[in-house]
Structure formats: C-alpha cells, structure tokens
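Q: using only what follows, build the 3D model:
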Amino acid sequence: MDELKEIRSRINQMDAQIADLFEQRMRASREVIEYKMKRGMSVYDPVREAELVEKNSALVADDTIREYYVSFEKNLMSLSRSYQERIMNGLKVAYAGVPGAFGAIAAAKMFPGARLVPCLDFEQAYAACSSGEADVAVLPLENSSAGEVGAVTDLMFSGDLFVNQVLELEAVQNLLGCEGATPETVREVVSHPQALSQCAAYIHERKYITREYPNTAMAARMVAERNDPSVAAIASGESAELYGLKLIEANINSSGVNTTRFAAFSRVLFTDNGRRKMGRHFILTFTVRNEAGSLAKMLNIIGAHGYNMCSLRSRPMKDLKWNYYFYIELDGNVNTEEGRSMINELGTLCERFKLAGSF
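A: Below is the predicted model:
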C-alpha cells in the first residue's frame with residue numbers, strides 16, 4: 001500500500017507541474033493570438049500544427065506511448081484554439097454584404113468567434129479597416145471561372161492595407177425564390193455581377209432577364225421581401241436559410257468547380273516568416289515609366305532572383321487616362337536576403353511600387 005501511495009504522490013507532483021506548464025502555454029497562446037489579431041491572421045494554422053505534432057511526438061521514445069501523446073498534443077492544440085477564439089470575440093472583421101454573403105462565410109472561416117461587420121460594398125469594408133473601425137477586411141480577390149474582382153484589385157493598388165492571408169472558398173451558387181417559385185415561373189434573376197457571370201450558361205439556357213445587385217445575400221433578402229415567384233436570386237444556401245427562401249435549383253454554376261479566393265486585409269504587413277513555412281506567396285502592385293522595355297526590365301529582375309510569377313495583369317488607372325498599373329502574384333518568401341534585394345531593385349524602376357501582401 002505504501003508503494004501505491006508513493007506512485008500516486010509522484011503522479012500528483014507531475015500533475016501539478018503539468019497544470020503550471022498548461023497555464024504558461026495558454027498565456028503564450030494569448031500572446032500569439034494578440035499578435036495575429038494585429039496582423040489580420042487567422043487562429044488556425046494547419047501547417048504549423050502538423051509540424052509541431054510531428055516534431056514533439058518524436059521526443060517520445062516509447063512507440064506505444066507516442067500514439068497517446070499524439071492525441072494529447074492534438075487535443076492541447078484544440079483547447080488552445082478554443083481559448084484563442086474566445087479572445088477573438090473582440091476582433092472586428094468587415095465584409096461586403098449582409099449575413100449569408102460569401103464574404104461573411106469566408107470571414108467566419110478565417111476568424112471564428114470574431115465580430116463580423118457587414119458593409120454596403122467592397123470600398124466601405126476596406127475603408128472600415130483602414131480607418132480602424134474594423135481590425136480586418138475580408139474581400140474577394142478572384143473567382144476560378146469569372147476571373148479577378150477588379151474593384152478589390154484597385155483598392156489594393158490605391159489603398160494602405162496589406163494582404164496577410166488568403167482562403168479558397170468553394171462558391172456554390174443556387175437559384176432561390178419564394179414559395180411557389182419554380183424554374184418555369186421565374187422571369188428575372190438578381191445577383192452580384194460575379195455570380196451572374198458564374199452562372200451565365202444556366203441563365204442563357206433559360207432565357208432569364210438579369211439584374212445586377214450589390215451582393216448575393218442582399219439580392220436574396222430583396223427577393224424574400226418582394227415575395228414574387230417571377231423573381232429569383234442567385235446566392236448561397238446559407239442565404240436561403242437566413243431569409244426563408246426556397247431552393248429552386250442547386251449548384252447552377254457554369255463550371256463544375258467554382259472557387260473564390262478571399263483575402264484578409266489589415267493595416268500591418270506580415271513578413272516575419274523565417275521560422276515557419278509561411279510567406280509562400282506575395283503580391284506586388286506597381287506602375288512603370290512610359291519607356292520602351294520598362295516592364296520587361298521588371299520581369300527580368302524577378303526572374304534573375306529566382307521568383308516564379310503565378311499571375312500578371314494590368315488595370316486602368318482611374319485618375320490617369322490611358323495609363324495602367326500592374327498586379328503580380330509570386331511564389332516564394334519575400335522576407336529573405338534575395339527577396340529584399342529584388343524589392344529594392346524593382347523600386348528604383350517604378351513610379352509607384354507597393355509590396356501589397358505576403359501570405
């Protein structure tokens with residue numbers, strides 16, 4: 001019996017040590033989330049968590065015990081995330097639209113537990129973050145079938161916010177209407193221009209009249225208020241539930257795979273990526289001098305430093321007639337000696353230059 005008491009005494013001592021270390025770890029988790037909140041970064045970092053589980057489990061020598069340690073480590077991380085999400089209740093995330101919009105869905109996935117701030121349009125959401133009214137703005141960058149969201153690209157070029165995170169969200173578009181509405185009763189469909197573009201083949205086949213609306217969820221809300229079986233909205237399934245609409249037809253996207261990339265914008269550029277496998281992409285926006293070969297020189301510098309371009313496109317400058325700026329997305333970590341050298345070289349060739357994001 002004395003032997004059992006001695007074993008239990010040792011366990012009690014270890015439990016006390018674990019409790020102390022657990023409290024220290026949770027406090028460190030708070031520091032992590034406060035750092036992330038300032039930079040518009042999400043709670044969940046699956047790459048980081050997988051690396052930690054693999055690294056820490058290797059410290060356990062006993063193969064059988066290691067299996068239990070992996071479960072312990074994963075549960076510990078889950079508790080840490082839950083604690084961080086509670087802290088994030090004070091984080092304000094702006095998005096364009098109303099509840100049920102794809103922007104709201106993306107914002108909730110990126111920042112679970114945060115306060116979502118609906119805004120009238122992209123510009124208002126961007127301005128809310130820029131002014132400090134919100135901590136982060138979540139806006140769409142591009143769609144796999146409809147292409148770039150030009151208004152957001154323009155804000156990225158002219159504004160003072162930075163992209164620190166990108167989420168790919170599958171955007172399933174649906175035809176929604178009031179009770180009694182069918183594909184045959186519908187004459188007009190309303191939605192955001194991007195959503196109408198994504199469902200162009202479906203709309204053309206049924207010869208529907210289209211009307212643009214600022215947001216998919218706003219369109220759904222309007223259809224619910226109007227209660228007219230001849231008018232339908234193209235929006236998310238969440239919008240149907242929120243506004244009491246009937247799902248007339250599901251998944252009406254022209255393309256089988258319809259994905260939208262959403263970006264989290266914040267007032268601080270996050271480039272401290274050295275200790276993790278982050279910073280795998282970055283974004284540049286710039287203008288070049290109106291001289292022969294100016295753009296070619298830029299591209300040659302990028303290639304000389306070993307960076308691969310994922311995307312290159314031009315956009316008209318609203319304040320200068322027949323002048324254009326460029327948007328480039330690249331693979332790699334810009335926060336390296338090579339990256340900093342490239343940025344310095346590119347800056348000397350440009351009239352306007354911005355490292356617009358790193359994620």
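Q: which residues does stretch 284-303 contact?
A: The list of residues contacting stretch 284-303 from outside it, by CB atoms under 8 Å, 6 or more residues apart in numbering, reads 153, 156-157, 309, 312, 317, 323-328, 330, 342, 345-346, 349-356. C-betas here are computed from N, CA, C, even on glycine.
Q: got the buried residues for it?
A: Of the residues in stretch 284-303, 284, 285, 286, 287, 288, 295, 298, 301, 302 count as buried by neighbour count, 16 or more other CB atoms under 10 Å.
Q: and the contacts of stretch 284-303, which of them are buried?
A: The neighbour-count criterion (16+ other CB under 10 Å) marks 153, 156-157, 317, 325-328, 330, 342, 346, 349-350, 353-356 among the contacts of stretch 284-303 as buried.
Q: so which of those residues belong to helices?
A: Of the positions in the buried ones among the contacts of stretch 284-303, 153, 156, 157, 342, 346, 349 sit in helices, assigned by DSSP state H.
Q: spit out the contact partners of the third one.
A: This means residue 157. If a contact means CB under 8 Å, 6+ apart, then residue 157 has 285, 315, 325, 327, 354, 356 as its contacts.
Q: relative to residue 58, how far out is it?
A: When CB to CB, to the nearest Å is the yardstick, residue 157 and residue 58 sit 46 Å from each other.
Q: in the stretch 151-300 of the chain, what residue spans correspond to helices?
A: Shown for the stretch 151-300 of the chain, the helices assigned by DSSP state H, counting those that start in this stretch span residues 193-198, 200-206, 216-226, 237-243, 294-304.
Q: mean neighbour count, the ones you listed: which tops it?
A: The highest mean neighbour count among the helices of the stretch 151-300 of the chain belongs to helix 216-226 (a mean of 23), with neighbours defined as mean count of other CB atoms under 10 Å.
Q: packing partners for that helix?
A: Under the contact criterion of 3 or more CB pairs under 8 Å, 6 or more residues apart in numbering; DSSP states H and E, the helices and strands touching helix 216-226 comprise strand 174-177, strand 188-191, strand 231-235, helix 237-243.
Q: let's have those in CSV, adding mean pLDDT.
A: What follows is the helices and strands packed on helix 216-226, written out as CSV (pLDDT from 0 to 100):
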stretch, mean pLDDT
strand 174-177, 97
strand 188-191, 98
strand 231-235, 97
helix 237-243, 94
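Q: point out where the stretch 151-300 of the chain drops to low pLDDT.
A: Counting by pLDDT under 70, the ranges of the stretch 151-300 of the chain that qualify are 271-279.
Q: now with 80, please.
A: Applying pLDDT under 80 to the predicted model, the residue ranges of the stretch 151-300 of the chain that meet it are 255-257, 270-279.
Q: partners of the residue nearest to residue 358 when sequence neighbours are not counted in the sheet?
A: Excluding the flanking residues, the one nearest residue 358 by CB to CB, 6 or more residues apart in numbering is residue 282, at 4.5 Å. Here residue 282 shows beta-bridge partners residue 330, residue 358, assigned using DSSP bridges.
Q: tell me who's in contact with residue 282.
A: Applying CB under 8 Å, 6+ apart, we find residue 282 in contact with 329, 330, 332, 333, 334, 339, 355, 357, 358, 359.
Q: helices or strands up against the helix or strand hosting residue 142?
A: Assigned by DSSP states H and E, residue 142 belongs to strand 136-143. For strand 136-143, the elements it packs on are strand 92-96, helix 102-110, helix 122-131, helix 150-158, helix 193-198, strand 259-266, judged by 3+ CB pairs under 8 Å, 6+ apart.
Q: go through those and pick out the most buried.
A: Burial among the helices and strands packed on strand 136-143, expressed as mean neighbours by mean count of other CB under 10 Å, is greatest for strand 92-96, which shows a mean of 26.
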